[in-house]
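Q: sequence unknown, structure follows:
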């Protein structure tokens, strides 16, 4: 077998799942060729040229560490099961009309027709039966703990409609684990993540038409856990409500902009501190950041770069984790992100990027502190290549300008020839939209 | 209040089973639509797909947010071409602004007065399924039942409608041999279908509170003699449901038919009540724009194009009496125009006694057939006399 044949065979073998899907779709079609088949054919051709690294179907054992299972409190009571789910469907009059275009969507302004609610009452034995109801207001006592002491935590995840029309969610087990860890810290009851994901899947199936049939649209999922105990004591909540709402989101980047963001880096504002809860996704972390964001906007900047300590360590960008791609002292390319020292939210996109890039093995990947003096030095020497944020909302968000101590620093993120952040974005979205089969992306439809 | 009735419907269920309505269906639901040109013979050559058990099939009711007939036809087409119905049956409910919709193989000129429709702002559309011409307005609800081809079952669908009417308003409706739904001998619904592979759909109308005056006036053909082999509509006396029960309205009808569809098992007419409804995917509003359904704009522009609405008319001939000057009244000449793909192809004058056709040369040849152009020819021929015609014949003979 010649080398050329071997290469072609390898290509076909690597892309066989795409080929199979394409053929299956063509057979499924009625007489006319549908748009999907044409798109699938296009993608097949596109991907053949860019694959100079492998997206393997299995994640390497060396780079995997499954999240530790949560230890429930002894006197928590019983858990809820997805099999107990009861559904109350919205009547036609209760349905929300769908908007005509993206401009009306914004982020989190519009919500779907149904929600998931699960109550916890210690006095009733623990977690109650989950229910799916039409989207409705919550009713609670004015002394409810969430209203006084911000006994609240939330999650952010997305559902994607894949190229085969099926709905997928990305690594939901990670979000569930994160949620339970935050619950323990706030005196809220922990729960079985697997059961919650199943209930969520049912909710997504019911509201699946809120995800457009294109391959660039997604539905934002917001699971929330609040303490509703109607007593003013600063103590654990005997009653809580775990609920999830869905919001259709338009494309993150508005048309016309290059997509890169400008940041305000002011060391006088601190988002998190050692011993605090910077590593937990709690609502109380975000309220204090609103005014700072307002100030950044007033100065013509889009996001806030959160610094910590005497040496002005970079911790997070807005509500995202931060990554830097540069040429290190040994002259090799390196991707670095701050370690999980307690100040950093353990982002799932962050974790996915670290695992993925380590598996590629194309450049060094480290978790180490980054400081502003370091950034300035690298910039001066022309060794700073890219700076970008990573989060669920937009996958990666390139940074092109930082306003630090009155000075504007211009980062050449968008000027790179083959930007690493683009490669990362493409790979992750390929997995999320089902263009490649991967255990991280779970089909729920 | 009516929703309570629906949930606690055990009494109604008893009534239904003894009422003698159609309960069991023939298992082979392969009924071909009553039009020329529909083929459904190919199925023997295909491998039968795996049987999906009833419990795995979930149902949705889609309600279109649009009232434009072309957009809704495009949405129906998009779902037919792109959706996977193997585990998911869909009922699409839609209503249009005033329009006349003709069947795939019909001749709009024999079904309606096309020029009058244009004057009145009533849209003319051609759908993709066969059958006859109907008038739609916002008092008429359209239901399209989507399923994979092997689970196409027209009787099931029509029974969903009759059951909904009974459960909600105690209206007794029957299904006649032509698959129309009739109430007290008058038609309230017409049916058409499209069987393809792998998907199929069956759609029907339900007259709730349509404007009967406009309906009657729109479905009157143009005053001329048409010789056409296109599918002809079978006119039937119709009535509005609101004439039978004053409280019937299109929003309530949407709700009633939708819930009946959700509470019934997928492949048999078994009512599962609220337990069954709870397992389904429920109601969804659908916004048929390019953002939500890429490719729908193209379908819509096709449905609204002249080439589709008029151009797809099967070949036909129009004959109109000509008033020719100065002769015996027995000498009536006829103008005969052959129209193909909506364009006037052969124009001639026919003599009363003979079959002979004297060709007429006019710049209007090849132009679209419409009232204005036809009158243009008639006007131009006013100056012709019988003797001219005789001369032309004898001269050419």
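A: Right, received. Where do you want to start? Since the structure is predicted, the reported quantities are computational estimates derived from the model, not experimental observations.
Q: surely residue B:163 is in contact with residue B:261?
A: No. Under the criterion of CB atoms under 8 Å, residue B:163 makes no contact with residue B:261, lying 9.6 Å away. (Each C-beta comes from the backbone N, C-alpha and C, glycine too.)
Q: list the buried residues for the helix ranked longest in chain B?
A: In chain B, assigned by DSSP state H, the helix with the most residues is helix B:154-169. Buried residues in helix B:154-169, counted by 16 or more other CB atoms under 10 Å in any protein chain shown: B:154-169.
Q: can you check stretch B:289-298 too?
A: Buried, per 16+ other CB under 10 Å, within stretch B:289-298: B:289, B:291-296.
Q: distance from the chain centre to it, please.
A: When C-alpha coordinates are averaged (CA atoms, centre = their mean, to the nearest Å), stretch B:289-298 and its chain have centres 23 Å apart.
Q: residues making contact with that stretch?
A: Residues outside stretch B:289-298 that contact it (CB atoms under 8 Å, 6 or more residues apart in numbering or on different chains) are A:34-35, A:98, A:100-102, A:212-214, B:71, B:74-75, B:78, B:82, B:286, B:288.
Q: and for stretch B:244-261?
A: Identification of contacts with stretch B:244-261 by CB under 8 Å, 6+ apart yields A:91-93, B:2-3, B:6, B:59, B:61, B:63, B:91, B:93, B:95, B:138-141, B:143, B:160-161, B:163-165, B:167-169, B:171, B:183-184, B:206, B:208-209, B:241-242, B:277, B:283.
Q: what's the first helix or strand after the helix or strand bottoming out on mean pLDDT in chain A?
A: When the helices and strands of chain A are scored by mean pLDDT, DSSP states H and E, helix A:35-50 comes last with a mean of 52. For helix A:35-50, the following helix or strand on the C-terminal side (DSSP states H and E) is strand A:86-87.
Q: buried set for the next helix-or-strand element following that following strand?
A: Next along the chain after strand A:86-87, taking DSSP H and E as the criterion, comes strand A:114-121. By neighbour count on 16+ other CB under 10 Å, the buried set for strand A:114-121 is A:114-121.
Q: list only buried entries from the contacts of stretch B:244-261.
A: Buried subset of the contacts of stretch B:244-261 (neighbour count, 16+ other CB under 10 Å): A:91-92, B:6, B:59, B:61, B:63, B:91, B:93, B:95, B:139-141, B:143, B:160-161, B:163-165, B:167-169, B:171, B:183, B:206, B:208-209, B:241-242, B:277, B:283.
Q: state the distance from residue B:179 to residue B:208.
A: 19 Å (CB to CB, to the nearest Å).
Q: residues in chain B within reach of chain A, list them.
A: Residues of chain B lying close to chain A by CB under 8 Å from any CB of the partner chain are B:3, B:58, B:60-63, B:65, B:80-84, B:196-199, B:251, B:254-255, B:258, B:262, B:277-287, B:289, B:291-295.
Q: and these, which of them are buried?
A: B:58, B:60-63, B:65, B:80-83, B:197-199, B:254-255, B:258, B:262, B:277-278, B:280-287, B:289, B:291-295.
Q: pLDDT on the strand or helix carrying residue A:353, on average?
A: Assessed by DSSP H and E, residue A:353 sits inside helix A:348-360. Across helix A:348-360, pLDDT averages out at 94.
Q: cool, and stretch B:239-254?
A: 93.
Q: mind listing what's buried along it?
A: Per 16+ other CB under 10 Å, stretch B:239-254 contains these buried residues: B:239-242, B:244, B:248, B:250, B:252-254.
Q: do stretch A:146-160 as well
A: Here stretch A:146-160 shows A:146-147, A:149-160 as buried, counting by 16+ other CB under 10 Å.
Q: just the closest of these to residue A:291, please.
A: Using CB to CB, residue A:150 comes nearest to residue A:291 of the buried residues of stretch A:146-160, at 16.3 Å.
Q: what's the closest non-adjacent residue to the closest one?
A: residue A:284 (4.0 Å; CB to CB, 6 or more residues apart in numbering or on different chains).
Q: go on, residue A:136?
A: residue A:115 (7.4 Å).
Q: out of the buried residues of stretch B:289-298, which comes closest to residue A:173?
A: Checking the buried residues of stretch B:289-298 one by one against residue A:173 (CB to CB), the nearest turns out to be residue B:292, at 30.4 Å.
Q: pLDDT weak spots in chain B?
A: B:1-46, B:323-332, B:352-355, B:383-387, B:389-390, B:392-393, B:395-397 (pLDDT under 70).
Q: ok, now with 90
A: By pLDDT under 90, the low-scoring segments of chain B are B:1-56, B:108-121, B:130-132, B:177-180, B:184-185, B:197, B:211-239, B:267, B:291, B:314-397.
Q: domain map for it?
A: B:53-310, B:316-395 (the TED database).
Q: in a markdown table: these, plus distance to residue A:299.
A: Compiled in a markdown table, those are given as follows (distance: least, CB to CB, whole Å):
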| stretch | distance to residue A:299 |
| --- | --- |
| domain B:53-310 | 35 |
| domain B:316-395 | 64 |
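Q: how far away is the residue in the stretch 51-200 of chain B that chain A sits nearest to from residue B:122?
A: Residue of the stretch 51-200 of chain B nearest chain A, by CB to the nearest CB: residue B:196 (4.7 Å). Look at residue B:196 and residue B:122: by CB to CB, they are 30 Å apart.
Q: buried set for stretch B:224-241?
A: Of the residues in stretch B:224-241, those buried (16+ other CB under 10 Å) are B:226, B:228, B:230-231, B:233, B:238-241.
Q: that stretch: end-to-end distance?
A: Start-to-end span of stretch B:224-241 (CA to CA, to the nearest Å) is 34 Å.
Q: so how far is stretch A:345-360 from its chain's centroid?
A: 12 Å.
Q: next: stretch A:388-401.
A: On the basis of CA atoms, centre = their mean, stretch A:388-401 sits 11 Å off its chain's mean C-alpha point.
Q: quick one: mean pLDDT for that stretch?
A: Mean per-residue pLDDT for stretch A:388-401: 90.
Q: and it, how far apart are its ends?
A: Rule used - CA to CA; the end-to-end distance of stretch A:388-401 is 11 Å.
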